[in-house]
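Peer 1: Structure of the sequence below:
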Amino acid sequence: MNPYVLLIFLTSLGLGTTLTFASSHWLLAWMGLEINTLAIIPLMSQHHHPRAVEATTKYFLTQATAAAVILFAATVNAWTLGTWEIPNMSNSTANTMLIIALALKIGLAPMHLWMPEVLQGLDLPTGLILSTWQKLAPLALILQASQNVSPLLLMTLGLLSTLVGGWGGLNQTQLRKTLAYSSIAHMGWMIIILQHAPQLTLMALLTYILLTSAAFLTLNTLAATKINALTSTWSKNPPLSATAALVLLSLAGLPPLTGFIPKWLILQELTKQALPMTATIMALAALLSLYFYLRICYSMTLTVSPNTNNSSTPWRTATTQSSLLLALSTSAALALLPITPAILTLTT
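Peer 2: Residues are numbered from 1 along each chain as shown. This is a model prediction of the structure:
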């Protein structure tokens, strides 16, 4: 893709998200979401592969449906209350429709079925944008609209997402589908604590973006899209394989890695809110996610691909990819747990 055209699309992505962040009017927020959708579609279909075109079509239809429901919910609220202001979303029916539409946009269960299929058809850099940046604007709207919605709805969406994200990733051999189910599970952790402690949702989102960026950039550097392809990475790049396994364990929320921070604090807050059963289910769902992360770690670090002594040495081949973002995100994914008090201070 032409660099200038790519710059226009990336700028449009930033503009759409910023417009949604800054707007207090539903029409402006809706326009920001639409700019986001229209900007990422050319990035998704740039390789002109039938699988990429299929994924782009599925994504467009899903996002168009969600945008139509959002506009309809805002119209219903304006019809009954006479206002288009986002904080004044007091009509219960419109608010419920809005939350469901935004859940469809970010792939919360049970509106998650498009997410693994779409992510599977994309290349890894575009998949990273879809898994991180595209979540920001809908989550900002959910945060503003969540104060007037039933807590049972958000709790149901959160529990279903963590369970579906755990169960769905168990039988996957494709890394992009596995990361899609990981995204669904992490979105569930953010949504379930939204009404009780919004600052923990923000912390979980920032941690998720760091960990997912490290995972996608690592897989992009290794050029791996299947679990079987990871069996030869140890002989090609041992340091990167070791750090990649730790990044995946951090995504699973295993202490003493960074991913343990949000899960620990969310479980603690749920217990404080007299929801011990919900906290127990969330912790058990995290074990499901840990299992399929361990499968990937096993393939990457505990298996050695068959090789012969007269084979080439691919680990000495010079790479043209920039490693700065990968190094920064990997370091953050592994080493931020000791500064948890400072992070808490910044988010409160």
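
Peer 1: so who does residue 246 touch?
Peer 2: By Cβ atoms under 8 Å, 6 or more residues apart in numbering, the contact set of residue 246 is 257, 333, 334. To be clear about C-beta, it is placed using only N, CA and C from the backbone, and glycine gets the same treatment.

Peer 1: most neighbours, which of the residues you listed?
Peer 2: residue 333 (26 neighbours; other Cβ atoms under 10 Å).

Peer 1: Now it: which helix or strand?
Peer 2: Element membership of residue 333 [criterion: DSSP states H and E] is helix 324-335.

Peer 1: Which neighbouring elements make contact with that helix?
Peer 2: With contacts taken as 3 or more Cβ pairs under 8 Å, 6 or more residues apart in numbering; DSSP states H and E, helix 324-335 sits against helix 198-222, helix 238-252.

Peer 1: relative orientation of the first one and helix 238-252 in degrees?
Peer 2: Put plainly, it is helix 198-222. 150 degrees (axes from the mean of the first three to the mean of the last three Cα atoms, to 10 degrees).

Peer 1: Which helix or strand lies directly C-terminal to helix 198-222?
Peer 2: helix 233-236.

Peer 1: just the shortest one next, same as before
Peer 2: Toward the C-terminal end, the helix or strand that comes next after helix 238-252 (DSSP H and E) is helix 260-272.

Peer 1: which helices and strands does that next one pack with?
Peer 2: Checking 3+ Cβ pairs under 8 Å, 6+ apart, helix 260-272 ends up next to helix 175-192, helix 198-222, helix 276-301, helix 340-347.

Peer 1: Rounded mean pLDDT for it, please.
Peer 2: Helix 260-272 carries an average pLDDT of 94.

Peer 1: centre of the chain versus it, how much separation?
Peer 2: How far helix 260-272 lies from its chain's middle: 19 Å, per Cα atoms, centre = their mean, to the nearest Å.

Peer 1: next one: stretch 6-15
Peer 2: 20 Å.

Peer 1: Please renumber the chain so that the first residue is 21 from this point on.
Peer 2: Sure, I'll start numbering at 21, so the last one becomes stretch 26-35.

Peer 1: Now do the buried residues in whichever strand or helix holds residue 91.
Peer 2: Element membership of residue 91 [criterion: DSSP H and E] is helix 70-101. Of all the residues in helix 70-101, those buried under the rule 16 or more other Cβ atoms under 10 Å are 72, 75-76, 78-80, 82-83, 86-87, 89-91, 93-94, 96-98.

Peer 1: same question, stretch 184-203
Peer 2: Neighbour counts over stretch 184-203 (16+ other Cβ under 10 Å) mark 184-189, 192, 195-203 as buried.
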